[in-house]
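Asker: Predicted model and sequence follow; I will ask about them next.
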Number of protein chains: 4
Amino acid sequence: MGMVGGSLDAFIGGVHRRAAIMDGEIELVCGVFSSDPFKSKETGRALYLPEDRLYNDFEEMILKEKQLPEGERMDFVAIVTPNHMHKAPTKLALENGFHVVCDKPITLNTEEAEEITALVEKTGLIFCLTHNYTGYPMVKEAKHMIASGAIGKIRKVIVEYPQGWLATLVEVTGNKQAAWRTDPKRSGAAGGLGDIGTHAENLAEYITGLKITQVCADLTIFVEGRLLDDDAHVLLRFNNGAKGILQNSQIANGEENDLNIRVYGETGGLQWKQLDPNTLIHKTNQGARIIRTGVGNLSKAAQVHTRIPAGHPEGYFEAFANLYRNFAIHLRAYWEGRNADPVYDFPSAQDGLRGMKFIDAVIASNASDTKWTNF
Amino acid sequence: MGMVGGSLDAFIGGVHRRAAIMDGEIELVCGVFSSDPFKSKETGRALYLPEDRLYNDFEEMILKEKQLPEGERMDFVAIVTPNHMHKAPTKLALENGFHVVCDKPITLNTEEAEEITALVEKTGLIFCLTHNYTGYPMVKEAKHMIASGAIGKIRKVIVEYPQGWLATLVEVTGNKQAAWRTDPKRSGAAGGLGDIGTHAENLAEYITGLKITQVCADLTIFVEGRLLDDDAHVLLRFNNGAKGILQNSQIANGEENDLNIRVYGETGGLQWKQLDPNTLIHKTNQGARIIRTGVGNLSKAAQVHTRIPAGHPEGYFEAFANLYRNFAIHLRAYWEGRNADPVYDFPSAQDGLRGMKFIDAVIASNASDTKWTNF
Amino acid sequence: MGMVGGSLDAFIGGVHRRAAIMDGEIELVCGVFSSDPFKSKETGRALYLPEDRLYNDFEEMILKEKQLPEGERMDFVAIVTPNHMHKAPTKLALENGFHVVCDKPITLNTEEAEEITALVEKTGLIFCLTHNYTGYPMVKEAKHMIASGAIGKIRKVIVEYPQGWLATLVEVTGNKQAAWRTDPKRSGAAGGLGDIGTHAENLAEYITGLKITQVCADLTIFVEGRLLDDDAHVLLRFNNGAKGILQNSQIANGEENDLNIRVYGETGGLQWKQLDPNTLIHKTNQGARIIRTGVGNLSKAAQVHTRIPAGHPEGYFEAFANLYRNFAIHLRAYWEGRNADPVYDFPSAQDGLRGMKFIDAVIASNASDTKWTNF
Amino acid sequence: MGMVGGSLDAFIGGVHRRAAIMDGEIELVCGVFSSDPFKSKETGRALYLPEDRLYNDFEEMILKEKQLPEGERMDFVAIVTPNHMHKAPTKLALENGFHVVCDKPITLNTEEAEEITALVEKTGLIFCLTHNYTGYPMVKEAKHMIASGAIGKIRKVIVEYPQGWLATLVEVTGNKQAAWRTDPKRSGAAGGLGDIGTHAENLAEYITGLKITQVCADLTIFVEGRLLDDDAHVLLRFNNGAKGILQNSQIANGEENDLNIRVYGETGGLQWKQLDPNTLIHKTNQGARIIRTGVGNLSKAAQVHTRIPAGHPEGYFEAFANLYRNFAIHLRAYWEGRNADPVYDFPSAQDGLRGMKFIDAVIASNASDTKWTNF
């Protein structure tokens, strides 16, 4: 694995690195960790990389690695830059035969996303978008249960992603994470909607197997001086007639990172909260069951995404690592010319494109006086 | 207290009776408990009422009780009939000088509600609408904290009231509670929206002190054959610029009676759930506090609505009883020609009228292609 | 009902009164509410009792009420005085043909308890000891499940009753509740052990249907200057070979009134917490179920102790009232010369005697260097 | 790092490997993963180790690695074999200048533990015993708070470690994990007490900073045919006068791995549960605070053991990895001839010896009729 972005003071770079190496299948061999060459090298050295695999820019990395003999050169590129820097390295990597893991959102906008999606399809290379929250075993179990009819035809979906860390204008206080996320040039047309709302959209569609078809949105910038939405309230309609609500916020004071979903079908309901990720509640009018990672007869999907016996909490890194592990399984299948078992799934470029279009639809809806906007 | 409605097989009548007598201030002295004279008498006897105070209809009760000497006759009427039977006895009671406690919603529709509201104002009599969920001590504490600025200017309100008991067409299976609630003639133009959605609306406005000014609604009848909404998704806007979401459902399989609210202000957030009513969570980005009934320095509002020391759960009946107790305090003040301490509050006819108008606005919004409908 | 003790500033008197009247079956008709005649009358008037039924002492009350015609005189006496004042009024009431409801512990010591127990047996009158925590529907359900074999033969019982309110020497600060509870003359040989430890003992034996046979105790007075135990750690052995732990405390800073129990059998476990009383968790190695008051197919025992549909929290008063309601059912059966349905149970004098002997055994164990003391 | 034990079908070996590599500081370079050479090589290959670093036994590994040039040879040995195989490789490693990470318990018995402890002291090498539960950030915070006086002088400690997986005789069904843990030859004189009870003892002493001085124990073998204790109830006394209870079980049906602790001091209490590891509750009689990993002003100790912002659950692997990361920090300090910052702590050989003596004391107490046994 070669990495683009993710210097020592970044957040998501370290997450990707820990996730990648967790299962002993992937090794970081080279990288360009910052546009600042000093910071990039400093990071590379801290990661014990050899000097000659620390590159000045992603172009150099991709082109030079390509020169290396197979088996020695990186197998894929992990892209962990801010949103506006996703497309270029992704494109160059794909064009040069490298598979790609890319942090979400896939690109800065839909146009770019379509370009990348087409390129992935054309090259046949493997592309993984790290909508990491779908990597939790209990999300897999929920998806499996719904697909198996455990709660009947779905009627109602409530998905939420509240955070509180942007309740004040921290982007002007030197908070690097806040700065790029609230900057239209680096983040795109959406603020919190793109940063976390698309996780919620992705989770809702992933778990239910449904597609959102219409949205009715009310976006807000609550913090004076901010340039992008920090709160989103969205009514949803799904392709099977189900109704839903998606709300995300970065001004929900006191909320940490509370992605959660409730799905109600004709015969039961499911509830999952990222803050208590090893628990899935299955509710019916006759009573509720607590489904726990590692306990009882779970689906294969839940089992293969679990590393240790019940009662040993697996968390964010482990869920993230499930994407990398599955990516590695697909890589191996690719090299061996066979299909990987679909239970080892991960979000695709198409999922990324769908996220970009969701952002477009919500922004259009927000600007519209008409209630429903098609998605 | 004389009661209209509330035969032995009803739900809310028994609640009112237990709530009324809990604090030893109110006694049931007469009633007409059913339009079926046999059932009415049977109920009255089971309640140990004397035969001569068991009436055939509310007209008889009100007129005959009026003839009784002061001190002996009932002091007020409690009306616990289905919605379409609220207005007539309320009106007659007020016209004959009796104070009224009325189950919510105040009437079948806004027109009736305006009539009653005007009559309350004209007569100067005391009218209590049993939006009982505002009777919980932690709801009082939340209202007090917000009014005191504990979370700053409010930005975001999420209020929910999911139930699951109408997930199938139980109204045709002999379920009396379901039958009248899903019958437009007895329930009005709204189903779940009127039954429980107005509780959510009332709670949100009560706790925040704000007024909803606009709604954007998506109502659904999920169960085939049902005549009224069993699910509501509503975007809200408030008079201070805050945004909100209200959702209620009676098809949320596995949910019992999960009224809950989250309010986020500029400096903190509050969360309360009716299923864990003695707990209020105060969140900030620096940490969260668990506020509990009876623990520490609570507001006078919380204290006077609590009966026992901390750790002895007070529940639904106690919250309901707080309305009756406060009503009794106001009665006494009325008789003594003074104002009651406003800490002993209860929902008014105006609150009831507001609920009816909320129903109107949501139904209009649901029928409209325009995003926002004024309220 | 006539009441002995329970002036306006007492805690448990008001609880008994609310519990007694909750279901409309019992009426307070007379009382002596304090040894201070002024306070007693003041309380009686606040409760709207007629002057001629406000007595100067319990002897007067019992003897004068006995003179009244049947149907007019009180049917039973409720005794809510401090522990040292339980025996005398109980004895006189029984000797004069009055049934008794008595707050726990039954008496000041075992000798008195044996006397009362013998008297109850001799008179055949009905005696209810208010170990109120067994009145919760989910305690009934747990007892029923265990008796039905839902968790197999019991192996392990953990019962706890931590409180924190006596973490400092509040008994010298004018706290009346603390003062008598920590005074050997009024409370007996045990402090917290008698006040709350016996509730834990009673709950454990009630739910499991087992008997404790041996104890190994470590009692402590943590607060300097206190005269009675404020913390108890007790190892238990049961008559079927099960092992257990009982711990209670009044110095567990920050705990409210957290009575809770976990029972593990050969095939499953049960967990109940008084602070979340409408929930019972049934655990097995294959997963856990959340059992809730009013939800699904519960035992008759749980059903008849529940007043409202699921999701309307029933709390401390309702559980307490279940004892009074059941007592009333037994009274009626007594009058009608038949046996009451055993599902309407309540703690007996024998349970009270057992509690006193438990205190004796724990105190003896605490004083002993030998590990096990028989009970 | 070279590893002894931990073939692919083992549990704890994979945990150690993931924990070791998580922070990019440690690399697995060689190993002997099983006494079965085929399984050992198979594991080594699956871990991408070179053939010439896959050894036949630990003696060969230690001696051959010692021959390799510094910088190339392993820096330390991780020992993850069953208990009876801890001492020999530890001893040989230390004698040959290798630092050691050893899974707990340190050895099969106290005699061996004393030998190892003396050897560690004599060699001055670094020894880490993986009492991993002390690696959680909220455990660090709790320890820091108590040391800072946040809850005053400690009075009462309740520590529990219930599991349910051995509720039946699974050791005869081919369950390898169960088989060695219940075999006195491989596990030692204690069953669950040694396997998990010592974690509880270690956690209690670590968090409180106190030492247990006396125990009174009731050990049980509940499952017929089992050879070692599967349940332990222990009363504790601490060196400052505090009292406590320790209970662990492997027959607590339905419990996963529920290590938890409550500590009560003169002015407050703390509660932590391993199943919700990122939450610490700080209780006082004035209210409770929810302390969360990454939220607000935490101690340096909590901060340096946290990898990601609040709301991204860190779990078992991360806590385990904190021990390895700290061990690596100490290694570096060792090489550089300086002391490591004590905030980067980990359990020592002395802690391991203390655990062995705790087992001895509990077993002696269990066999004794005298209440207290000194520890």
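Answerer: Perfect, thanks for sending it.

Asker: Skipping its backbone neighbours, what lies nearest residue A:265 in space?
Answerer: The shortest distance from residue A:265 to any non-neighbouring residue, by CB to CB, 6 or more residues apart in numbering or on different chains, is to residue A:151 (3.4 Å). Any C-beta I mention is one placed from the backbone N, CA and C, and that applies to glycine too.

Asker: How many residues are close by the residue in the stretch 1-150 of chain A positioned nearest to chain C?
Answerer: The stretch 1-150 of chain A approaches chain C most closely through residue A:141 (11.5 Å), counting by CB to the nearest CB. By the criterion of other CB atoms under 10 Å in any protein chain shown, residue A:141 has 26 neighbours.

Asker: Grab the nearest non-local neighbour of it.
Answerer: Nearest to residue A:141 is residue A:302, by CB to CB, 6+ apart, at 4.0 Å.

Asker: does that neighbour count as helix, strand or coil?
Answerer: helix (DSSP: H, G, I helix; E, B strand; the rest coil).

Asker: Can you point out the buried residues in stretch A:131-150?
Answerer: For stretch A:131-150, burial by neighbour count (16 or more other CB atoms under 10 Å in any protein chain shown) applies to A:131-146, A:150.

Asker: Regarding it, how distant is the last residue from the first?
Answerer: 25 Å (CA to CA, to the nearest Å).

Asker: what is the rounded mean pLDDT of it?
Answerer: If you average the pLDDT over stretch A:131-150, you get 98.

Asker: Same check on stretch A:225-235?
Answerer: Mean predicted confidence for stretch A:225-235 is 98.

Asker: give me the number of residues near residue A:266?
Answerer: Neighbours of residue A:266 (other CB under 10 Å): 16.

Asker: and what of the one 3 residues further on?
Answerer: Neighbouring residues of residue A:269 were enumerated by other CB under 10 Å; the total is 27.

Asker: Just list whatever residues bridge to it.
Answerer: residue A:264, residue A:283 (DSSP bridges).

Asker: Please enumerate the helices of the stretch 201-350 of chain A.
Answerer: A:300-303, A:316-335, A:349-367 (DSSP state H, counting those that start in this stretch).

Asker: Just the CA coordinates for the first one, please, in PDB.
Answerer: The C-alpha trace of helix A:300-303 is given here as PDB (Å, rounded to 0.1, in the frame of the first residue of the first chain):
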ATOM      1  CA  LYS A 300     -22.000 -15.500   8.100                       C
ATOM      2  CA  ALA A 301     -21.800 -11.800   7.300                       C
ATOM      3  CA  ALA A 302     -21.600 -10.900  11.000                       C
ATOM      4  CA  GLN A 303     -19.300 -13.700  11.800                       C
END
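
Asker: residues in contact with the residue nearest to residue A:57 when sequence neighbours are not counted?
Answerer: Nearest residue to residue A:57, sequence neighbours excluded (CB to CB, 6+ apart): residue A:32, at 5.8 Å. Contact analysis of residue A:32 by CB atoms under 8 Å, 6 or more residues apart in numbering or on different chains lists A:3-4, A:40, A:54-58, A:60-61.

Asker: before we move on, what about residue A:291?
Answerer: A:138, A:141, A:279-282, A:298, C:287.

Asker: again, 7 Å this time
Answerer: A:138, A:141, A:280, A:282, C:287 (CB atoms under 7 Å, 6 or more residues apart in numbering or on different chains).

Asker: next structured bit after the helix or strand containing the first one?
Answerer: Using DSSP states H and E, residue A:138 maps to helix A:137-147. Downstream of helix A:137-147, the first helix or strand assigned by DSSP H and E is strand A:154-162.

Asker: which residues sit against the helix or strand following that following strand?
Answerer: Beyond strand A:154-162 on the C-terminal side, the first helix or strand identified by DSSP H and E is helix A:176-181. Helix A:176-181 has contacts (CB under 7 Å, 6+ apart) with A:9, A:11, A:82, A:166, A:170-171, A:186-187, A:191, A:195.

Asker: quick one, which residue of chain A lies the farthest from its center?
Answerer: residue A:286 (35.3 Å; CA atoms, centre = their mean).

Asker: Leaving out chain neighbours, which residue sits closest to that residue?
Answerer: residue C:296 (4.1 Å).

Asker: surely the one you found meets residue A:284?
Answerer: No - here residue C:296 does not reach residue A:284: they are 8.3 Å apart, not a contact under CB atoms under 7 Å.

Asker: quick revisit: may I see the helices of the stretch 201-350 of chain A arranged in TSV, with mean neighbour count, distance to residue C:269 and mean pLDDT as well?
Answerer: Converted to TSV, these look like this (neighbours: other CB atoms under 10 Å in any protein chain shown; distance: least, CB to CB, whole Å; pLDDT from 0 to 100):
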stretch	mean neighbour count	distance to residue C:269	mean pLDDT
helix A:300-303	18	23	98
helix A:316-335	22	27	98
helix A:349-367	22	41	98
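
Asker: which residues sit in contact with the residue nearest the centre of chain A?
Answerer: Geometric centre of chain A, nearest residue: residue A:131, 1.6 Å, by CA atoms, centre = their mean. Taking CB under 7 Å, 6+ apart as the criterion, residue A:131 is in contact with A:104, A:199, A:202, A:347, A:351.

Asker: give me that answer again for 6 Å
Answerer: A:104, A:202, A:347 (CB atoms under 6 Å, 6 or more residues apart in numbering or on different chains).

Asker: Over to residue A:292?
Answerer: A:278-279, A:310.

Asker: cool, residue A:254 as well?
Answerer: A:164, B:269, B:283-284, B:288.

Asker: Quick check, pLDDT for it.
Answerer: 97.

Asker: How about residue A:9?
Answerer: 83.

Asker: same deal with the one 4 residues further on?
Answerer: Listed pLDDT for residue A:13 reads 92.

Asker: so what's the residue nearest to residue A:265 up against?
Answerer: A:265, A:267-268.

Asker: How about residue A:11?
Answerer: residue A:177.

Asker: Check the one 10 residues further on too.
Answerer: Under the criterion of CB under 6 Å, 6+ apart, the neighbours of residue A:21 are residue D:21.

Asker: So what does it have for phi and psi?
Answerer: Backbone geometry at residue A:21, expressed as degrees, to the nearest 10, gives phi -90, psi -10.

Asker: quick one: it from residue D:36, how far?
Answerer: Distance, residue A:21 to residue D:36, using CB to CB, to the nearest Å: 28 Å.

Asker: swap in residue A:287?
Answerer: From residue A:287 to residue D:36 the distance is 47 Å (CB to CB).

Asker: Those two: who's more crowded?
Answerer: residue A:287 (18 against 11).

Asker: my guess is that one contacts residue C:296, does it?
Answerer: Yes - Residue A:287 is within contact range of residue C:296, at 4.3 Å (criterion: CB atoms under 6 Å).

Asker: what residues are up against the nearest residue to residue A:313 once chain neighbours are set aside?
Answerer: Excluding the flanking residues, the one nearest residue A:313 by CB to CB, 6+ apart is residue D:315, at 3.6 Å. For residue D:315, the contacting residues are A:313-315, by CB under 6 Å, 6+ apart.
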